[in-house]
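Chemist: okay, predicted coordinates and the sequence, questions at the end:
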Amino acid sequence: MLVPGRRLLTTLLQAPKRPFQPSRNMRLVQFQAPHLAGPRLGLESGSGGGVIDLNAFDPTLPQTMVQFLEQGETSLSAARRALKAQLPVLPRSEVTFLAPVTRPDKVICVGLNYVDHCKEQNVSVPKEPIIFSKFSSSIVGPYDEIVLPPESQEVDWEVELAAVIGKKGKRIQATDAMAHVAGFTVAHDVSARDWQVRRNGRQWLLGKTFDTFCPLGPAMVTTDSVADPHNLRICCRVNGEVVQDSNTNQMVFKTEELIAWVSRFVTLYPGDVILTGTPPGVGMFRKPPVFLKKGDEVQCEIEELGVIVNKVV
């Protein structure tokens, strides 16, 4: 269910301290807490719930998601054991959520990957995936601030489904691709349109990769916990107003096809993040265009995955 904007932050902070309730869903997070050293790995107890500390449950587990994924089944088995146990939960108000993946080898992005977004622009549906990238330094947490760079006056919103790679692969067949996906998360592909479409020779990279231009989270929901990643409601609100509202069934190239395509060119590594494109409703194609300004609050939400909330400063 999509949570009304004004009640969202209150809801997020009201998780009481209680035993962890076993759930079908494995929602892996990275977090910090004042009384704990360094970043930690955890399990979110349902969308909007508190956090179980996986490193306290099993001190042999790594403390970053990339290292966790590199260990493969060993780490996942420990997380499954924690999921079944009656363990204490840190209240949401006592932890700081980081992006579920930080410092991945690659952040791969896809342009024009929603049929309805192509119609919005009056352009043809691509016959091959349009690939670009962000630097991993653009990644911030699910509730961190988006910083407007002084170099741009046209910063836009784009809610996206992101796939996180769990197993290394090259030239992966589409039929095998989902075995290489660890899970899915909510992404915000913040975009400086002036740099994307008019500056830097119309190469997209600089306009897409300013610091703070890739909020992720709140959790990486494992693939086996998502009923169908290509049939999820996807929504973006700016200051509580719905600006994007579609479904991932509008994707031109599904996750399997994107992995097969990209892995022809590059080796995919555990922790790599693939942003799969945005639906219609972005600010650039409004009449007149609308761009983000200081004080705005952007909420990106995907059914089953959760909500990220980012203030614009």
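Modeler: Here it is on my side, so go on. Owing to the predicted nature of the structure, the values given are computational and were not obtained by experimental measurement.
Chemist: following the longest helix that the chain contains, which helix or strand comes up?
Modeler: Longest helix in the chain, counting residues (DSSP state H): helix 73-84. Once the chain leaves helix 73-84, the next helix or strand it forms, by DSSP states H and E, is strand 96-98.
Chemist: now do that next one: distance to the chain's middle.
Modeler: Strand 96-98 has its C-alpha centroid displaced from the chain centroid by 13 Å (C-alpha atoms, centre = their mean, to the nearest Å).
Chemist: which neighbours in the sheet does the following helix or strand past it have, and how are they oriented?
Modeler: Elements were assigned by DSSP H and E; along the chain past strand 96-98, the next helix or strand is strand 107-111. Strand 107-111 has the following sheet partners, assigned by DSSP bridges: strand 130-134 (antiparallel), strand 273-275 (parallel).
Chemist: that older thread, packing partners of the longest helix of the chain?
Modeler: strand 40-44, helix 54-57 (3 or more C-beta pairs under 8 Å, 6 or more residues apart in numbering; DSSP states H and E). In short, each C-beta sits where N, CA and C put it, glycine included.
Chemist: looking at the ones you listed, which is closest to C236?
Modeler: strand 40-44 (21.2 Å; C-beta to C-beta).
Chemist: okay, and the beta partners of the closest residue to A219 other than its chain neighbours?
Modeler: Spatial nearest neighbour of A219, excluding adjacent residues (C-beta to C-beta, 6 or more residues apart in numbering): R27 at 3.8 Å. For R27, the beta-bridge partners are V221 (DSSP bridges).
Chemist: assess the claim that P289 and D194 are in contact.
Modeler: No - assessed by C-beta atoms under 8 Å, P289 is found out of contact with D194, at 10.8 Å.
Chemist: list residues touching both of those two?
Modeler: The contact sets of P289 and D194 overlap at E154 (C-beta atoms under 8 Å, 6 or more residues apart in numbering).
Chemist: so for those two, which residue has more residues nearby?
Modeler: D194 (18 against 12; other C-beta atoms under 10 Å).
Chemist: F132 versus the nearest residue to that one once chain neighbours are set aside, what's the distance?
Modeler: Once flanking residues are discounted, D194 sits nearest to E154: 4.4 Å by C-beta to C-beta, 6+ apart. E154 sits 17 Å away from F132, going by C-beta to C-beta, to the nearest Å.
Chemist: domain assignment for this structure?
Modeler: 5-98, 107-311 (automatic domain parsing).
Chemist: just the mean pLDDT for the first one, thanks.
Modeler: This means domain 5-98. The pLDDT scores in domain 5-98 average 82.
Chemist: same check on the longest one?
Modeler: Averaged across domain 107-311, pLDDT comes to 95.
Chemist: show me the contacts for S246.
Modeler: Neighbours of S246 in contact, by C-beta under 8 Å, 6+ apart: Y114, D116, R233, I234, C235, P279, P280, G281.
Chemist: whichever of those residues end up buried, select them in ChimeraX.
Modeler: Of the contacts of S246, the buried ones can be selected in ChimeraX as follows, counting by 16 or more other C-beta atoms under 10 Å:
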select :114,234,235,279,280,281
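Chemist: from the contacts of S246, which land in helices?
Modeler: D116.
Chemist: between the contacts of S246, which is closest to E70?
Modeler: Taking C-beta to C-beta as the measure, E70 lies nearest I234 of those, at 29.3 Å.
Chemist: for that closest one, give its distance to D245.
Modeler: Computed as C-beta to C-beta, the I234 to D245 distance reads 8 Å.
Chemist: could you do V262 as well?
Modeler: V262 sits 28 Å away from D245, going by C-beta to C-beta.
Chemist: neighbour count: those two, which is higher?
Modeler: Ranked by neighbour count (other C-beta under 10 Å), V262 and D245 place V262 first, with 21 against 16.
Chemist: what about the nearest residue to the more buried one once chain neighbours are set aside, neighbour count?
Modeler: Once flanking residues are discounted, V262 sits nearest to I108: 5.7 Å by C-beta to C-beta, 6+ apart. I108: 24 surrounding residues under other C-beta under 10 Å.
Chemist: now do R171
Modeler: Neighbour tally, R171, other C-beta under 10 Å: 9.
Chemist: would you check how far apart it and D272 are?
Modeler: 15 Å.
Chemist: do V282 as well
Modeler: V282 is 25 Å from D272, by C-beta to C-beta.
Chemist: between the two, which is the more surrounded one?
Modeler: Counting neighbours by other C-beta under 10 Å for V282 and for D272 shows that D272 has the greater number, 28 against 24.
Chemist: who touches the more buried one in this structure?
Modeler: P104, D105, K106, V107, I108, V164, I165.
Chemist: can I get those residues in TSV with distance to E94?
Modeler: Below are the contacts of D272 laid out as TSV (distance: C-beta to C-beta, whole Å):
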residue	distance to E94
P104	27
D105	32
K106	33
V107	30
I108	34
V164	26
I165	31
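Chemist: now the closest residue in space to P279 that isn't next to it in sequence, what's its secondary structure?
Modeler: Leaving aside its chain neighbours, P279 sits nearest to S246 (3.3 Å; criterion: C-beta to C-beta, 6+ apart). When classified by DSSP: H, G, I helix; E, B strand; the rest coil, S246 comes out as strand.
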